[in-house]
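Participant: sequence? don't have it. structure:
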């Protein structure tokens, strides 16, 4: 029995290349529960890394003179 187009789309997948991080990975407790400014910065770095937008610490998305905080998620998704 031939597969429908929906079943063919479900059966296919995109491969993702694994890339090592260039910075030390914080603990989950620190990422979720940390309250210091460094912890908040780490959370942003992890989010940017998930979207493959973090380039060695000089991401313009983190600079508030380029991107206002209220537009950050929109710019991240549109990038």
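Facilitator: Yes, it's here. Remember, it's a predicted structure, so these values are computed and weren't measured experimentally.

Participant: Just the terminal-to-terminal distance for stretch 44-60.
Facilitator: Length of stretch 44-60, first residue to last, CA to CA, to the nearest Å: 12 Å.

Participant: Would you mark the buried spots in that stretch?
Facilitator: Taking 16 or more other CB atoms under 10 Å as the basis for neighbour counts, the residues of stretch 44-60 that come out buried are 44-45, 48-49, 54, 59. Where you see a C-beta, it was placed from the backbone N, CA and C, and this is true even at glycine.

Participant: what does stretch 31-42 give?
Facilitator: Taking 16+ other CB under 10 Å as the basis for neighbour counts, the residues of stretch 31-42 that come out buried are 34, 42.

Participant: Residues in contact with that stretch: which ones?
Facilitator: Defining contact as CB atoms under 8 Å, 6 or more residues apart in numbering, one finds that stretch 31-42 is touched by 26, 30, 43, 46, 62.

Participant: Quick check: the second one vs residue 63, distance?
Facilitator: Applying CB to CB, to the nearest Å, the value for residue 30 to residue 63 is 24 Å.

Participant: So which of the two has more stuff around it?
Facilitator: Per other CB atoms under 10 Å, whichever of residue 30 and residue 63 has more neighbours is residue 30, with 15 against 9.

Participant: May I have the residues that are in contact with the more buried one?
Facilitator: When contacts are counted by CB under 8 Å, 6+ apart, residue 30 touches 39, 42.

Participant: just to revisit the earlier point, export the contacts of stretch 31-42 to TSV and tack on secondary structure, pLDDT and distance to residue 75?
Facilitator: Compiled in TSV, these are given as follows (DSSP: H, G, I helix; E, B strand; the rest coil; pLDDT from 0 to 100; distance: CB to CB, whole Å):
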residue	secondary structure	pLDDT	distance to residue 75
26	coil	82	24
30	helix	88	26
43	helix	86	17
46	helix	83	17
62	helix	76	11
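
Participant: where does the spatially most central residue of the chain land on pLDDT?
Facilitator: Computing the C-alpha centroid of the chain and ranking residues by CA atoms, centre = their mean puts residue 50 first, at 2.6 Å. pLDDT, residue 50: 81.
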